[in-house]
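In: what shape does this take:
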Amino acid sequence: MGRPQEQPGALTASTRVQLKMGQEVSEAVANAGEVGQTAKEMPEARPGLVAYHASELADAAHAAPIDMLALNVAGCERRAFRQQRLGQFEPAIQTLEKLIADKELAGNAERQAWLSALAARIAYQMEDEDRAQKLQTNAYSVNNNHSLPKIRPAYVPRPLPGRQSARIVARLLEYDRRGAMIADFDEAVAELVPEASAGRYEEALANLGAFLGFEAERPEKVHGVGPDVMWRTDVAFDFVVEAKSEKDEDNPLYKKDHVQLLEAEHWFKGAYPGRDALRVLALPEAVADAKATPAGTFALRLHEITKLVGALRGVLLDLISSPGGADALRERCETALAKADLKPDGIKATFLTAFGKKAKGG
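Out: Numbering: from 1, shown residues only. Model prediction:
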(Lines give C-alpha, C1' and ligand atoms only; values in the text may rest on other atoms or scores of the structure.)
Protein backbone atom coordinates (compact mmCIF):
# COMPACT_ATOMS: atom_id res chain seq x y z
CA MET A 1 0.00 0.00 0.00
CA GLY A 2 3.03 2.30 0.15
CA ARG A 3 3.28 2.66 -3.63
CA PRO A 4 -0.29 3.16 -4.93
CA GLN A 5 0.95 5.15 -7.92
CA GLU A 6 2.08 1.88 -9.47
CA GLN A 7 -1.58 0.92 -10.03
CA PRO A 8 -3.55 4.17 -9.76
CA GLY A 9 -6.85 2.53 -10.71
CA ALA A 10 -6.57 -0.30 -8.19
CA LEU A 11 -8.22 1.67 -5.37
CA THR A 12 -11.51 3.55 -5.44
CA ALA A 13 -11.62 7.16 -4.27
CA SER A 14 -13.44 6.21 -1.05
CA THR A 15 -10.92 3.44 -0.30
CA ARG A 16 -8.06 5.88 -0.76
CA VAL A 17 -9.68 8.32 1.65
CA GLN A 18 -10.21 5.61 4.28
CA LEU A 19 -6.62 4.47 3.88
CA LYS A 20 -5.40 8.06 4.26
CA MET A 21 -7.44 8.55 7.44
CA GLY A 22 -6.14 5.30 8.91
CA GLN A 23 -2.57 6.33 8.16
CA GLU A 24 -3.09 9.75 9.77
CA VAL A 25 -4.50 8.18 12.95
CA SER A 26 -1.69 5.60 13.07
CA GLU A 27 0.99 8.27 12.65
CA ALA A 28 -0.53 10.30 15.50
CA VAL A 29 -0.02 7.35 17.89
CA ALA A 30 3.60 7.70 18.97
CA ASN A 31 4.09 4.71 21.28
CA ALA A 32 2.52 1.58 22.75
CA GLY A 33 1.08 3.51 25.71
CA GLU A 34 -0.88 5.79 23.41
CA VAL A 35 -2.48 2.79 21.71
CA GLY A 36 -4.30 1.90 24.94
CA GLN A 37 -5.17 5.53 25.63
CA THR A 38 -6.60 5.93 22.13
CA ALA A 39 -8.69 2.77 22.54
CA LYS A 40 -10.15 4.08 25.85
CA GLU A 41 -11.09 7.39 24.27
CA MET A 42 -12.79 5.82 21.25
CA PRO A 43 -16.34 5.56 22.74
CA GLU A 44 -16.39 9.26 23.64
CA ALA A 45 -14.76 10.30 20.37
CA ARG A 46 -16.93 8.04 18.21
CA PRO A 47 -19.57 10.68 17.25
CA GLY A 48 -16.87 13.08 16.10
CA LEU A 49 -15.01 10.36 14.25
CA VAL A 50 -18.16 9.24 12.48
CA ALA A 51 -18.87 12.81 11.38
CA TYR A 52 -15.28 13.31 10.22
CA HIS A 53 -15.37 9.99 8.36
CA ALA A 54 -18.64 10.88 6.62
CA SER A 55 -17.37 14.34 5.68
CA GLU A 56 -14.18 12.99 4.15
CA LEU A 57 -16.04 10.30 2.20
CA ALA A 58 -18.55 12.83 0.91
CA ASP A 59 -15.73 14.96 -0.47
CA ALA A 60 -14.33 11.89 -2.24
CA ALA A 61 -17.68 10.75 -3.64
CA HIS A 62 -17.16 11.18 -7.36
CA ALA A 63 -17.25 8.81 -10.26
CA ALA A 64 -13.94 7.30 -11.25
CA PRO A 65 -12.81 8.25 -14.77
CA ILE A 66 -13.43 5.58 -17.38
CA ASP A 67 -10.22 3.86 -18.47
CA MET A 68 -10.85 3.64 -22.20
CA LEU A 69 -7.51 1.94 -22.84
CA ALA A 70 -8.38 -0.88 -20.41
CA LEU A 71 -11.76 -1.31 -22.09
CA ASN A 72 -10.11 -1.45 -25.51
CA VAL A 73 -7.58 -4.05 -24.33
CA ALA A 74 -10.28 -6.18 -22.71
CA GLY A 75 -12.40 -6.05 -25.85
CA CYS A 76 -9.52 -7.09 -28.08
CA GLU A 77 -8.58 -9.92 -25.72
CA ARG A 78 -12.14 -11.27 -25.79
CA ARG A 79 -12.21 -11.06 -29.58
CA ALA A 80 -8.89 -12.95 -29.81
CA PHE A 81 -10.12 -15.65 -27.37
CA ARG A 82 -13.30 -16.09 -29.39
CA GLN A 83 -11.31 -16.43 -32.62
CA GLN A 84 -9.00 -18.94 -30.94
CA ARG A 85 -11.94 -21.08 -29.78
CA LEU A 86 -13.29 -21.11 -33.34
CA GLY A 87 -9.93 -22.26 -34.68
CA GLN A 88 -9.25 -18.92 -36.36
CA PHE A 89 -5.67 -18.80 -35.10
CA GLU A 90 -4.20 -16.36 -37.61
CA PRO A 91 -6.92 -13.72 -37.11
CA ALA A 92 -6.58 -14.14 -33.34
CA ILE A 93 -2.84 -13.47 -33.44
CA GLN A 94 -3.35 -10.52 -35.80
CA THR A 95 -5.89 -9.05 -33.37
CA LEU A 96 -3.35 -9.20 -30.54
CA GLU A 97 -0.40 -8.00 -32.66
CA LYS A 98 -2.42 -5.02 -33.86
CA LEU A 99 -3.19 -4.13 -30.25
CA ILE A 100 0.47 -4.55 -29.21
CA ALA A 101 1.49 -2.08 -31.94
CA ASP A 102 -1.20 0.46 -30.95
CA LYS A 103 0.38 3.81 -30.14
CA GLU A 104 -1.72 4.01 -26.96
CA LEU A 105 0.25 1.05 -25.59
CA ALA A 106 3.62 2.58 -26.42
CA GLY A 107 5.69 2.63 -23.24
CA ASN A 108 3.42 0.12 -21.49
CA ALA A 109 5.89 -2.75 -21.74
CA GLU A 110 4.25 -4.96 -19.11
CA ARG A 111 0.88 -4.94 -20.88
CA GLN A 112 2.55 -5.51 -24.27
CA ALA A 113 4.43 -8.47 -22.77
CA TRP A 114 1.18 -9.98 -21.46
CA LEU A 115 -0.41 -9.69 -24.91
CA SER A 116 2.71 -11.16 -26.56
CA ALA A 117 2.50 -14.17 -24.25
CA LEU A 118 -1.17 -14.67 -25.18
CA ALA A 119 -0.31 -14.49 -28.87
CA ALA A 120 2.60 -16.91 -28.39
CA ARG A 121 0.28 -19.55 -26.91
CA ILE A 122 -2.00 -19.29 -29.95
CA ALA A 123 1.02 -19.52 -32.28
CA TYR A 124 2.18 -22.69 -30.51
CA GLN A 125 -1.32 -24.08 -30.88
CA MET A 126 -1.22 -23.50 -34.65
CA GLU A 127 2.30 -25.05 -34.69
CA ASP A 128 4.04 -21.90 -35.92
CA GLU A 129 7.17 -22.47 -33.82
CA ASP A 130 9.21 -19.52 -35.13
CA ARG A 131 6.45 -17.01 -34.52
CA ALA A 132 5.68 -18.45 -31.11
CA GLN A 133 9.36 -18.28 -30.14
CA LYS A 134 9.58 -14.62 -31.16
CA LEU A 135 6.41 -13.63 -29.31
CA GLN A 136 7.30 -15.54 -26.14
CA THR A 137 10.84 -14.13 -26.19
CA ASN A 138 9.40 -10.61 -26.38
CA ALA A 139 7.24 -11.33 -23.34
CA TYR A 140 10.01 -12.99 -21.34
CA SER A 141 12.57 -10.27 -22.07
CA VAL A 142 10.27 -7.74 -20.38
CA ASN A 143 9.22 -9.89 -17.43
CA ASN A 144 10.88 -13.23 -16.64
CA ASN A 145 7.81 -14.31 -14.68
CA HIS A 146 6.35 -15.25 -18.04
CA SER A 147 7.02 -18.78 -19.27
CA LEU A 148 10.51 -19.38 -20.61
CA PRO A 149 10.61 -19.63 -24.43
CA LYS A 150 11.85 -22.91 -25.89
CA ILE A 151 15.08 -21.18 -26.93
CA ARG A 152 16.37 -18.75 -24.31
CA PRO A 153 16.85 -15.17 -25.53
CA ALA A 154 20.41 -14.02 -26.16
CA TYR A 155 21.91 -11.73 -23.54
CA VAL A 156 22.12 -8.09 -24.63
CA PRO A 157 24.76 -6.03 -22.77
CA ARG A 158 23.28 -3.06 -20.97
CA PRO A 159 24.56 0.50 -20.59
CA LEU A 160 26.49 1.58 -17.50
CA PRO A 161 24.13 1.96 -14.52
CA GLY A 162 23.49 5.38 -13.04
CA ARG A 163 24.89 6.63 -9.78
CA GLN A 164 24.28 4.24 -6.89
CA SER A 165 22.77 6.82 -4.53
CA ALA A 166 20.53 8.21 -7.29
CA ARG A 167 19.04 4.76 -7.93
CA ILE A 168 18.35 4.22 -4.22
CA VAL A 169 16.68 7.62 -3.81
CA ALA A 170 14.64 7.18 -7.00
CA ARG A 171 13.32 3.93 -5.58
CA LEU A 172 12.55 5.59 -2.24
CA LEU A 173 10.58 8.39 -3.91
CA GLU A 174 8.29 5.84 -5.57
CA TYR A 175 6.63 5.34 -2.18
CA ASP A 176 3.81 7.54 -0.93
CA ARG A 177 4.65 6.26 2.56
CA ARG A 178 8.42 5.89 2.69
CA GLY A 179 8.32 3.49 5.61
CA ALA A 180 6.76 0.90 3.31
CA MET A 181 10.14 0.56 1.62
CA ILE A 182 11.52 -1.20 4.71
CA ALA A 183 8.75 -3.80 4.61
CA ASP A 184 9.52 -4.42 0.93
CA PHE A 185 13.25 -4.65 1.67
CA ASP A 186 12.76 -7.14 4.51
CA GLU A 187 10.60 -9.34 2.30
CA ALA A 188 13.01 -9.11 -0.64
CA VAL A 189 16.03 -10.37 1.34
CA ALA A 190 14.21 -12.79 3.67
CA GLU A 191 15.53 -15.84 1.78
CA LEU A 192 19.19 -15.04 2.46
CA VAL A 193 19.32 -17.92 4.92
CA PRO A 194 20.86 -21.42 4.70
CA GLU A 195 17.43 -23.07 4.58
CA ALA A 196 16.43 -21.31 1.35
CA SER A 197 16.40 -23.19 -1.94
CA ALA A 198 19.12 -22.29 -4.45
CA GLY A 199 16.69 -20.40 -6.68
CA ARG A 200 15.20 -18.34 -3.87
CA TYR A 201 18.63 -17.60 -2.43
CA GLU A 202 19.88 -16.33 -5.78
CA GLU A 203 16.76 -14.21 -6.22
CA ALA A 204 17.29 -12.70 -2.76
CA LEU A 205 20.93 -11.93 -3.64
CA ALA A 206 19.75 -10.13 -6.78
CA ASN A 207 17.17 -8.23 -4.71
CA LEU A 208 19.88 -7.17 -2.27
CA GLY A 209 21.95 -5.81 -5.15
CA ALA A 210 18.99 -3.85 -6.48
CA PHE A 211 18.30 -2.26 -3.07
CA LEU A 212 22.01 -1.40 -2.86
CA GLY A 213 21.49 0.74 -5.95
CA PHE A 214 23.22 -1.62 -8.36
CA GLU A 215 21.73 -3.03 -11.54
CA ALA A 216 21.11 -6.62 -10.50
CA GLU A 217 20.71 -9.44 -13.00
CA ARG A 218 20.43 -13.23 -13.04
CA PRO A 219 21.94 -14.12 -16.44
CA GLU A 220 22.16 -17.86 -15.85
CA LYS A 221 18.47 -18.14 -14.97
CA VAL A 222 17.20 -15.86 -17.72
CA HIS A 223 19.62 -16.57 -20.56
CA GLY A 224 21.25 -19.88 -19.60
CA VAL A 225 24.73 -18.30 -19.58
CA GLY A 226 26.87 -16.29 -17.18
CA PRO A 227 26.85 -16.12 -13.37
CA ASP A 228 24.02 -16.83 -10.98
CA VAL A 229 23.89 -13.17 -9.99
CA MET A 230 25.54 -10.03 -11.28
CA TRP A 231 25.67 -6.65 -9.55
CA ARG A 232 26.60 -3.96 -12.08
CA THR A 233 27.97 -0.82 -10.47
CA ASP A 234 28.85 2.78 -11.29
CA VAL A 235 32.59 2.19 -10.69
CA ALA A 236 35.24 0.34 -12.70
CA PHE A 237 34.24 -3.18 -11.66
CA ASP A 238 31.12 -5.31 -11.32
CA PHE A 239 30.36 -8.17 -8.92
CA VAL A 240 30.15 -11.58 -10.66
CA VAL A 241 28.57 -13.93 -8.11
CA GLU A 242 28.07 -17.67 -7.93
CA ALA A 243 25.86 -18.83 -5.05
CA LYS A 244 26.87 -21.95 -3.10
CA SER A 245 24.66 -21.46 -0.07
CA GLU A 246 23.83 -25.17 0.11
CA LYS A 247 27.37 -26.05 1.26
CA ASP A 248 27.94 -26.97 4.90
CA GLU A 249 30.36 -24.85 6.91
CA ASP A 250 32.98 -27.63 6.85
CA ASN A 251 32.43 -28.31 3.15
CA PRO A 252 35.25 -26.54 1.27
CA LEU A 253 35.25 -24.91 -2.14
CA TYR A 254 36.23 -27.55 -4.69
CA LYS A 255 37.98 -27.04 -8.00
CA LYS A 256 34.80 -27.64 -10.03
CA ASP A 257 33.01 -24.92 -8.05
CA HIS A 258 35.74 -22.43 -8.85
CA VAL A 259 35.86 -23.44 -12.51
CA GLN A 260 32.19 -22.56 -12.75
CA LEU A 261 32.94 -19.06 -11.48
CA LEU A 262 35.88 -18.68 -13.88
CA GLU A 263 33.59 -19.62 -16.77
CA ALA A 264 31.10 -16.99 -15.59
CA GLU A 265 33.90 -14.41 -15.51
CA HIS A 266 34.96 -15.39 -19.05
CA TRP A 267 31.37 -14.85 -20.23
CA PHE A 268 31.29 -11.46 -18.48
CA LYS A 269 34.49 -10.34 -20.21
CA GLY A 270 32.93 -11.18 -23.56
CA ALA A 271 29.74 -9.28 -22.76
CA TYR A 272 31.46 -6.28 -21.15
CA PRO A 273 34.98 -5.84 -22.59
CA GLY A 274 36.87 -3.17 -20.71
CA ARG A 275 35.00 -3.77 -17.46
CA ASP A 276 36.65 -5.55 -14.53
CA ALA A 277 34.91 -8.46 -12.82
CA LEU A 278 35.19 -9.07 -9.10
CA ARG A 279 34.74 -12.82 -8.66
CA VAL A 280 32.57 -13.65 -5.64
CA LEU A 281 31.32 -16.93 -4.20
CA ALA A 282 28.42 -16.66 -1.76
CA LEU A 283 28.88 -19.56 0.65
CA PRO A 284 29.04 -20.34 4.40
CA GLU A 285 32.82 -20.18 4.89
CA ALA A 286 35.88 -19.00 2.92
CA VAL A 287 37.66 -22.36 2.89
CA ALA A 288 39.02 -23.96 -0.30
CA ASP A 289 40.10 -27.50 -1.03
CA ALA A 290 43.85 -27.97 -1.50
CA LYS A 291 43.34 -28.66 -5.23
CA ALA A 292 41.38 -25.46 -5.78
CA THR A 293 43.31 -22.29 -6.62
CA PRO A 294 40.94 -19.42 -5.82
CA ALA A 295 43.51 -16.62 -6.00
CA GLY A 296 41.75 -13.38 -6.81
CA THR A 297 38.34 -14.79 -5.80
CA PHE A 298 36.47 -13.56 -2.75
CA ALA A 299 33.95 -15.19 -0.44
CA LEU A 300 30.74 -13.52 0.67
CA ARG A 301 30.04 -15.57 3.80
CA LEU A 302 26.58 -16.02 5.21
CA HIS A 303 27.23 -14.05 8.38
CA GLU A 304 28.76 -11.22 6.32
CA ILE A 305 25.63 -11.14 4.17
CA THR A 306 23.64 -10.70 7.38
CA LYS A 307 25.88 -7.76 8.33
CA LEU A 308 25.54 -6.31 4.83
CA VAL A 309 21.76 -6.53 5.01
CA GLY A 310 21.78 -4.86 8.43
CA ALA A 311 24.04 -2.05 7.25
CA LEU A 312 21.85 -1.32 4.23
CA ARG A 313 18.72 -1.43 6.36
CA GLY A 314 20.26 1.22 8.60
CA VAL A 315 20.96 3.47 5.61
CA LEU A 316 17.39 3.06 4.34
CA LEU A 317 15.95 3.85 7.78
CA ASP A 318 18.06 7.01 7.89
CA LEU A 319 16.83 8.11 4.46
CA ILE A 320 13.20 7.41 5.28
CA SER A 321 13.31 9.79 8.25
CA SER A 322 15.34 12.48 6.47
CA PRO A 323 13.73 15.72 5.25
CA GLY A 324 14.46 17.41 1.95
CA GLY A 325 13.98 16.84 -1.73
CA ALA A 326 15.67 14.47 -4.14
CA ASP A 327 18.98 16.36 -4.31
CA ALA A 328 19.34 16.55 -0.52
CA LEU A 329 18.43 12.87 -0.18
CA ARG A 330 20.98 11.83 -2.80
CA GLU A 331 23.70 13.77 -0.99
CA ARG A 332 22.73 12.23 2.35
CA CYS A 333 22.54 8.77 0.78
CA GLU A 334 26.01 9.12 -0.74
CA THR A 335 27.44 10.04 2.66
CA ALA A 336 25.58 7.23 4.44
CA LEU A 337 26.69 4.60 1.89
CA ALA A 338 30.33 5.61 2.29
CA LYS A 339 30.09 5.63 6.09
CA ALA A 340 28.52 2.15 6.13
CA ASP A 341 31.08 0.76 3.62
CA LEU A 342 28.32 0.08 1.09
CA LYS A 343 30.00 1.63 -1.91
CA PRO A 344 31.52 -1.06 -4.19
CA ASP A 345 35.04 -0.62 -2.83
CA GLY A 346 33.71 -0.58 0.73
CA ILE A 347 31.79 -3.82 0.19
CA LYS A 348 34.94 -5.45 -1.20
CA ALA A 349 37.09 -4.32 1.72
CA THR A 350 34.61 -4.90 4.55
CA PHE A 351 32.27 -7.73 3.63
CA LEU A 352 34.32 -9.96 1.31
CA THR A 353 37.01 -12.38 2.47
CA ALA A 354 39.96 -14.03 0.73
CA PHE A 355 39.97 -17.84 0.70
CA GLY A 356 42.05 -19.94 3.02
CA LYS A 357 43.09 -23.56 2.50
CA LYS A 358 41.36 -26.45 4.21
CA ALA A 359 43.78 -28.22 6.51
CA LYS A 360 44.77 -31.76 5.47
CA GLY A 361 42.72 -34.36 7.26
CA GLY A 362 40.30 -31.61 8.39
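In: residue boundaries of the helices in the chain?
Out: Ranges of helices within the chain are 13-28, 32-60, 68-85, 89-100, 109-125, 129-142, 164-172, 180-188, 198-211, 219-223, 255-271, 302-320, 326-339, 344-351, based on DSSP state H.
In: quick check: mean pLDDT of the first one?
Out: It stands for helix 13-28. Helix 13-28 carries an average pLDDT of 69.
In: cool, and the fifth one?
Out: The average pLDDT within helix 109-125 is 93.
In: which residues sit in contact with the residue lying closest to Val229 once chain neighbours are set aside?
Out: Using C-beta to C-beta, 6 or more residues apart in numbering and skipping the chain neighbours, the partner closest in space to Val229 is Val241 (4.2 Å). Placement of C-beta: from N, CA and C, glycine included. Shown in contact with Val241 (C-beta atoms under 8 Å, 6 or more residues apart in numbering): 205, 227-231, 280-282, 300.
In: pick the one among those closest to Gly199.
Out: Distance to Gly199, by C-beta to C-beta, is smallest for Asp228 among the contacts of Val241, at 9.5 Å.
In: now do the contacts for the one residue sitting closest to the centre of the chain.
Out: Nearest to the mean C-alpha position of the chain, by C-alpha atoms, centre = their mean, lies Asn207 at 5.1 Å. Applying C-beta under 8 Å, 6+ apart to Asn207 gives the contacts 188-189, 216.
In: okay, buried residues for stretch 222-229 please.
Out: Within stretch 222-229, the residues scored as buried using 16 or more other C-beta atoms under 10 Å are 222-223, 225-229.
In: which one of those is nearest to Ala295?
Out: Using C-beta to C-beta, Pro227 comes nearest to Ala295 of these, at 18.5 Å.
In: any idea what sits nearest that closest one, other than its immediate chain neighbours?
Out: Distances taken as C-beta to C-beta, 6+ apart place Ala264 nearest to Pro227, at 3.7 Å, with adjacent residues excluded.
In: how about that neighbour, what does it touch?
Out: Neighbour list for Ala264: 220, 226-228, 240, 242, 279 [criterion: C-beta under 8 Å, 6+ apart].
In: now do it against Ala338, distance only.
Out: As judged by C-beta to C-beta, to the nearest Å, Ala264 and Ala338 stand 29 Å apart.
In: re the thing from before, from Pro157, how far off is the residue nearest to the centre of the chain?
Out: Computed as C-beta to C-beta, the Asn207 to Pro157 distance reads 22 Å.
In: just Arg332 next, same as before
Out: According to C-beta to C-beta, Arg332 stands 32 Å off from Pro157.
In: how about Asp345?
Out: 23 Å.
In: same deal with Val240?
Out: Note on Val240: its distance to Pro157, by C-beta to C-beta, is 14 Å.
In: who has more neighbours, these two?
Out: Ranked by neighbour count (other C-beta atoms under 10 Å), Val240 and Pro157 place Val240 first, with 28 against 11.
In: surely the more buried one meets Glu265?
Out: Yes: taking contacts as C-beta atoms under 8 Å, Val240 lies within contact range of Glu265: 5.5 Å.
In: find residues that contact each of the two.
Out: Common contacts of Val240 and Glu265, defined by C-beta under 8 Å, 6+ apart, comprise 227, 277, 279.
In: beta partners for the last one?
Out: In this structure, Arg279 has the following beta-bridge partners (DSSP bridges): Val240.
In: how close does it get to Pro227?
Out: For Arg279, the distance to Pro227 - C-beta to C-beta - is 9 Å.
In: and for Val235, the neighbour number?
Out: Neighbour tally, Val235, other C-beta under 10 Å: 13.
In: who's in contact with the closest residue to it other than its chain neighbours?
Out: The shortest distance from Val235 to any residue other than its chain neighbours is 4.8 Å, reached at Pro344 (C-beta to C-beta, 6+ apart). Contact partners of Pro344, counting by C-beta under 8 Å, 6+ apart, are 164, 233-235, 237, 239.
In: could you do Gln136 as well?
Out: When contacts are counted by C-beta under 8 Å, 6+ apart, Gln136 touches 116-117, 120, 146-147, 149-150.
In: list the buried residues of stretch 66-81.
Out: Going by neighbour count (16+ other C-beta under 10 Å), the buried part of stretch 66-81 is 73, 76-77, 80.
In: now that stretch: average pLDDT?
Out: 89.
In: next: stretch 230-241.
Out: For stretch 230-241, mean pLDDT is 96.
In: how about stretch 206-217?
Out: Looking at stretch 206-217 alone, the average pLDDT works out to 97.
In: and stretch 184-201, by the same measure?
Out: For stretch 184-201, mean pLDDT is 93.
In: what does it contact?
Out: 2, 203-205, 207-208, 210-211, 221, 243, 245-246, 282, 284, 302, 305-306, 309, 312-313, 316.
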